[in-house]
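Enquirer: Dropping the sequence and predicted coords here.
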Amino acid sequence: MTQVTAEQDELPGDLLPISRKSAGHVIVDTLAAHGIKRAHVVPGESFLDVLDGLHDSPIETIVCRHEGGATYMAEADGKMNQLPGIAMVTRGPGAANAHVGLHTAWQDSTPMVLFVGLIPFAHRDREAFQEFDIKAWFDTGAKRVMVLDNAERASEIVAEALFAAMSGRPGPVVVGLPEDVIRRQIPAELHPPIPVATGGMTTVDAASLADALAASSKPLFVTGGNDWTQEGADQLTHWLEKHHIPAAAEWRTEGTIPFGSPSYVGPIGYGRPRPTYDLLEETDLLIFVGTVPGDVITDGFLCRQDWTKKNFLVTIDPSLRGRSGPVSYQILAKPDVFIRDLAKIELPVKDDWVNWTSKMRREQEAFAALPRATPSAGPARMDTLMANLVPTLPADAMVTLGAGEHTNWAHRYFPTQRYASMISARNGSMGYSIPSAIAASLEYPGRRVVTIAGDGEFLMNGQELATAAQYGATPLVIVMDNQEYGTIRTHQERHHPERVSGTQLKNPEFALMAEAFGGFGVKVEHDADVPAAIKAALRAIDEDSVFALIHLVVEQRVKAY
């Protein structure tokens, strides 16, 4: 796997000698032994020994163009898998650039481990080249910050970091690697994985939930977070449909309950569509699974604040960090084990449940009904693009999103039919769309991956298309070009009407950029050209195995809802 030095520790008796390797190589071996498949890297001289360990490792090394792109890819990887996403960057400027992905992982509760190369141990506290205080920088935005000051603990530190990222409420962990420490030769023994507690319903929990449901006329489940499996999502969907109980999706996490399920009633969050606008106040029993009612869901801690309301919160985090409003009952469990126990609860179906779910489902179906596919005679429109794209999508299609009003077309129309078919940044971080699409395409090379990017957002990490070309990622990239930071313009019009300032953009030829990076690009200015552009882009992906970009030039102030 990795090169072993000739140096060995002689042991007494019949015991075999222990091989020795550098700490950097042991770090890589530990990651591989724990099931890590991919590392997202911007190289630096501070962790050359780890890079050398990756040379002969089964771990795929994805060389990225910017540390923000690398950490976004790692964060997306953590959303799609049970294991943490892995990013590796260098000290000082590299660590600073990586911070944006760390904040995304923190607010989105995503397991991720960020390895940061550091100055030599002997140079510490002397204002060495690119020196910084890793704990002072990251302590408030990571679950743990660890520094490998003792080379012999290399494998242990990696195991602890992976465990910390996954245990309790998932999140990011930072590991500092002094460049001289990781070169030291140590015994090559590997620390085993540390089991992560999953919790579960007690008999008292199950009885309390069953009683609350039995007393409810308008129950509502809200699914969220990243700590699910497809099996758990399928089990919950079956149970909800069997009992005619509705479920909404936390903002930017659609797909846990399939888009086409009779129990799915839409997303809840910023700019929520009308069908789910009043749901939180109207329901008489709210059951959150995998997430809590935080800032975004409660419209800035305003909705569902009445302490008489009944809220059941199912989360493995005993601290309920980020929670707003009343807590009637907490069940300490990860989604899958909660659903395993929920499936044992059998309740008679109430007519009230059937009517309540049917009403909300009809409103969701009307909201998500595709606009007409026939192009208009005017400028290009996102409505026309979605109407022509969606019918071509296979059942396992995925969509990735950054932040901006352009994302609302996906919230409204994209048919998310599986868990983790919407990968997005719930902390509102721009620049996430391209890196996350690359991560999704690499993780699922046989699936159709679509990303919808705004013109402003695309240019924050669009250079990662070079990474897509290098490693064979083939997402369909839609750049909605309305020549402005649209979300901020909307806020601006609300607070400072007719005083446009700091939001307008002059953009490059995005299609030509795509071609320069080695993909397919097409610019669309007229609505009549939309269907042909979609066909050409999909043909390039399927026949030429390249990513494709549609540069859609649209009018300003046109919104999905």
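Expert: The structure has been received and is ready for your questions. Numbers count the residues shown, from 1 in each chain.
Enquirer: any chance you could read off phi and psi for residue 199?
Expert: Per-residue torsions, residue 199: phi 70, psi -160 (degrees, to the nearest 10).
Enquirer: ditto for residue 322
Expert: phi 90, psi 0.
Enquirer: how near is it to residue 267?
Expert: Using C-beta to C-beta, to the nearest Å, residue 322 is found at 18 Å from residue 267. No exception for glycine: its C-beta is placed from N, CA and C like everyone else's.
Enquirer: The closest residue to residue 309 other than its chain neighbours in helix, strand or coil?
Expert: With sequence-adjacent residues excluded and distances taken as C-beta to C-beta, 6 or more residues apart in numbering, residue 309 is closest to residue 326, at 5.1 Å. When classified by DSSP: H, G, I helix; E, B strand; the rest coil, residue 326 comes out as coil.
Enquirer: Surely residue 326 touches residue 307?
Expert: Yes: Residue 326 is within contact range of residue 307, at 4.8 Å (criterion: C-beta atoms under 8 Å).
Enquirer: what touches both of the two?
Expert: Common contact partners of residue 326 and residue 307 (C-beta atoms under 8 Å, 6 or more residues apart in numbering): none.
Enquirer: Compare those two and say which is more crowded by neighbours.
Expert: Comparing residue 326 with residue 307 by other C-beta atoms under 10 Å, the one with more neighbours is residue 326, at 16 against 9.
Enquirer: so who does that one touch?
Expert: Counting by C-beta under 8 Å, 6+ apart, residue 326 has contacts 304, 305, 306, 307, 308, 309, 310, 311.
Enquirer: can you count the residues close to the last one?
Expert: This means residue 311. Using other C-beta under 10 Å, residue 311 has 23 other residues around it.
Enquirer: For residue 44, grab phi and psi.
Expert: Here is the backbone geometry of residue 44 (degrees, to the nearest 10): phi -150, psi 150.
Enquirer: got the contact list for it?
Expert: For residue 44, the contact set (C-beta under 8 Å, 6+ apart) comprises 89, 90, 91, 94, 117.
Enquirer: Return the list of helices and strands in contact with the longest helix along the chain.
Expert: As assigned by DSSP state H, the longest helix anywhere in the chain is helix 351-368. The helices and strands touching helix 351-368, judged by 3 or more C-beta pairs under 8 Å, 6 or more residues apart in numbering; DSSP states H and E, are strand 264-268, helix 408-413.
Enquirer: Can you name the next helix or strand after the longest one?
Expert: In other words, helix 408-413. strand 422-424 (DSSP states H and E).
Enquirer: quick one: strands adjacent to that next one?
Expert: Strand 422-424 pairs in its sheet with strand 398-401 (parallel), by DSSP bridges.
Enquirer: got the contact list for the partner strand?
Expert: For strand 398-401, contacts defined as C-beta under 8 Å, 6+ apart pick out 76, 252, 407, 410, 414, 416, 420-425, 432-433, 436-437, 440, 444, 447-452, 475.
Enquirer: cool, and stretch 86-93?
Expert: For stretch 86-93, using C-beta under 8 Å, 6+ apart, the contacting residues are 31, 36, 38-47, 50-51, 67, 70-71, 73-74, 77, 95, 97-98, 101, 112-119, 129-132.
Enquirer: hmm, try it at 6 Å
Expert: Stretch 86-93 has contacts (C-beta atoms under 6 Å, 6 or more residues apart in numbering) with 36, 39-42, 44, 46, 67, 70-71, 74, 98, 113-118, 130, 132.
Enquirer: where does this structure dip in pLDDT?
Expert: 1-17, 271-277, 560 (pLDDT under 70).
Enquirer: could you redo the last one with a cut-off of 50?
Expert: Residues of the chain meeting the criterion pLDDT under 50: 1-8, 10-14, 16.
Enquirer: returning to what we had before: among the contacts of stretch 86-93, which lie within strands?
Expert: By the criterion of DSSP state E, membership of the contacts of stretch 86-93 in strands covers 39, 40, 41, 113, 114, 115, 116, 117, 118.
Enquirer: Can you tell me which of the contacts of residue 44 has the most neighbours?
Expert: Going by other C-beta under 10 Å, residue 89 tops those with 31 neighbours.
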